[in-house]
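Trainee: quick one, fold the following:
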Amino acid sequence: MTMNISSLVIAFLFSMLIFSCDQRSNSGENWEVVYRHNSNGETIEGDKQELINAVRRGYPIRIGFGGRRTRDTIKSVEHVTDAHFLTIANGTEVFVQITPIYGQTPNLEMDSLRIKMKHENKWTMLIGTNGERNVLSQSLNSEIQKASTQSKRGATWYAKVPEGLSLVDSKPLWD
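Mentor: Sure thing, here's the model as predicted:
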């Protein structure tokens, strides 16, 4: 009988330890999609004004983007990164600059998926809610900046909004 009670106590304590180490957040501060647009800046999901309000309130923002091959649309990449420098232009569009990263080359062949680092460059990107994207690369072999490239790209914008707070209209940051 004593063995069964001590076994139950140990099992209970072990269970408590496992549940207390659970890393999932129960605080209601999950990353949520606030806005999603296509390459022309047209809304697919969410509300651009809510994204603007989240930026003005100082909530953490992430951006998701990617692409697929034109000749084989099953082959694709998706990236998500933290927004490190945000701009609200004319109160209507949000632009983000990502921290420079080292280049990478994915091999998207289904039988040998892998990714490797590019040894020759690092890059950063600006992307806006209007679909405008600008990429700037730098050669690692020298300090020479490569020409920046413009293109259009859809993106998904995430915000981490504390539980109980809303994304009500907020004033420009200088008011």
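Trainee: quick check: nearest residue in space to L126, chain neighbours excluded?
Mentor: The shortest distance from L126 to any residue other than its chain neighbours is 4.6 Å, reached at N134 (C-beta to C-beta, 6 or more residues apart in numbering). Where C-beta positions appear, they are placed from N, C-alpha and C, glycine not excepted.
Trainee: sorry, slip of the keys, the one I care about is W31.
Mentor: Leaving aside its sequence neighbours, W31 sits nearest to Y158 (C-beta to C-beta, 6+ apart; 4.6 Å).
Trainee: following whichever helix or strand T124 is part of, which helix or strand comes up?
Mentor: T124 belongs to strand 114-128 when assigned by DSSP states H and E. Sequence order places strand 132-139 as the next helix or strand after strand 114-128, per DSSP H and E.
Trainee: all helices for the protein, in order.
Mentor: Taking DSSP state H to define them, one finds helices in the chain at 2-20, 48-56.
Trainee: which of the ones you listed comes out lowest on mean pLDDT?
Mentor: Least confident of the helices of the chain, judged by mean pLDDT, is helix 2-20 with a mean of 53.
Trainee: can you count the residues close to K48?
Mentor: 19 (other C-beta atoms under 10 Å).
Trainee: relative to N130, how far out is it?
Mentor: Counting by C-beta to C-beta, to the nearest Å, the separation of K48 from N130 is 10 Å.
Trainee: lowest average confidence, helix or strand, in this structure?
Mentor: Here the helix or strand of the chain ranked lowest by mean pLDDT, DSSP states H and E is helix 2-20, holding a mean of 53.
Trainee: intersection of neighbour lists for K48 and N130?
Mentor: The contact sets of K48 and N130 overlap at 37, 93 (C-beta atoms under 8 Å, 6 or more residues apart in numbering).
Trainee: beta-bridge partners for S139, please?
Mentor: With DSSP bridges as the criterion, S139 is bridged to N121.
Trainee: neighbours of it, how many?
Mentor: S139: 12 neighbours (other C-beta under 10 Å).
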